[in-house]
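[1] mind looking at a prediction? Sequence and model below.
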Amino acid sequence: MPGRMPGRTPGRTPGRNAQRGRPPLADVGVLRERAIGILLRDGYPNVSMARLAGEVGLSVRTLHRYFPTKADIVWGGTEGSLDTLRRHLDETDADLPILDAITVAVVGVFSQDADEPSLSRARLRIIATTPELQSTRPETYRGWRDETIAFIARRTGTSVHDVSARAAGAAVQTAIAESLACWAADDSGESLADSVTRALLGLGALAASPRPCSSAATGTG
């Protein structure tokens with residue numbers, strides 16, 4: 001009786017083992033980019049994980065291994081931004097005015113964004129137009145605001161509970177959020193960092209605006 005062919009096992013078809021067990025690992029970045037494109041095209045609330053899985057060619061179970069929830073597809077990759085903001089704030093020049101220092105730090109965070117501008121814009125456009133998605137990561141917004149408040153409190157010698165530090169931090173946070181939303185909806189070619197810079201400098205210009213004279217304020221001559 002002739003011997004077995006090398007690599008063959010009786011009763012098995014060559015190549016069948018390759019289809020068993022977990023599928024080969026996919027590139028998470030590529031998966032996220034494809035999924036975000038689908039969510040932007042069809043609307044975040046209208047797309048289920050099952051539909052996403054079908055369009056990217058994975059089983060639902062496998063897609064959940066990469067992204068436990070649909071929100072993780074959009075928010076993924078932003079986890080380290082808070083640490084990066086804290087580091088940039090700590091490294092700012094102590095001689096810079098407070099708002100200028102915050103602007104330098106925040107721009108530094110967005111300048112390190114590894115995503116292509118088109119992907120960043122799509123991600124932010126989905127977030128800006130989907131209230132239910134915004135509510136899934138309140139700690140992201142809260143963390144940025146708290147870091148900004150803490151920085152302002154240190155620079156002004158006040159407490160993080162002081163209303164002036166908290167109001168200033170909230171104003172900065174709002175300016176950043178609005179700049180991101182406007183940039184996501186705009187295809188002018190402006191960089192994300194430039195959009196954030198304009199928003200924060202505009203906030204500073206508002207704070208530095210001279211008070212109108214009494215005649216202009218009252219309309220009297």
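    Structure received.
[2] show me what the mean pLDDT comes to for stretch 181-196.
    What stretch 181-196 shows for mean pLDDT is 82.
[3] tell me where the model's unsure across this protein.
    1-26, 77-79, 112-116, 138, 207-221 (pLDDT under 70).
[4] in it, which helix is the longest?
    What stands out as the longest helix in the chain, according to DSSP state H, is helix 163-185.
[5] for L82, see how far away R166 is.
    Between R166 and L82 the computed distance is 18 Å (Cβ to Cβ, to the nearest Å). Quick note: C-beta positions are derived from backbone N, CA and C, even for glycine.
[6] and if you look at R61?
    For R61, the distance to L82 - Cβ to Cβ - is 31 Å.
[7] more crowded one of those two?
    L82 (17 against 10; other Cβ atoms under 10 Å).
[8] now the more buried one: which helix or strand?
    helix 81-91 (DSSP states H and E).
[9] show me what that helix is in contact with.
    101-102, 104-106, 108-109, 112, 140, 143-144, 147-148, 151 (Cβ atoms under 8 Å, 6 or more residues apart in numbering).
[10] now, of the residues you listed, which are buried?
    101-102, 104-106, 108-109, 140, 143-144, 147-148, 151 (16 or more other Cβ atoms under 10 Å).
[11] for the residues you listed, give me TSV that also has distance to D194.
    Listed next are the buried ones among the contacts of helix 81-91 as TSV, based on distance: Cβ to Cβ, whole Å:
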residue	distance to D194
A101	18
I102	16
V104	13
A105	16
V106	12
G108	13
V109	14
T140	22
G143	24
W144	19
E147	22
T148	20
F151	22
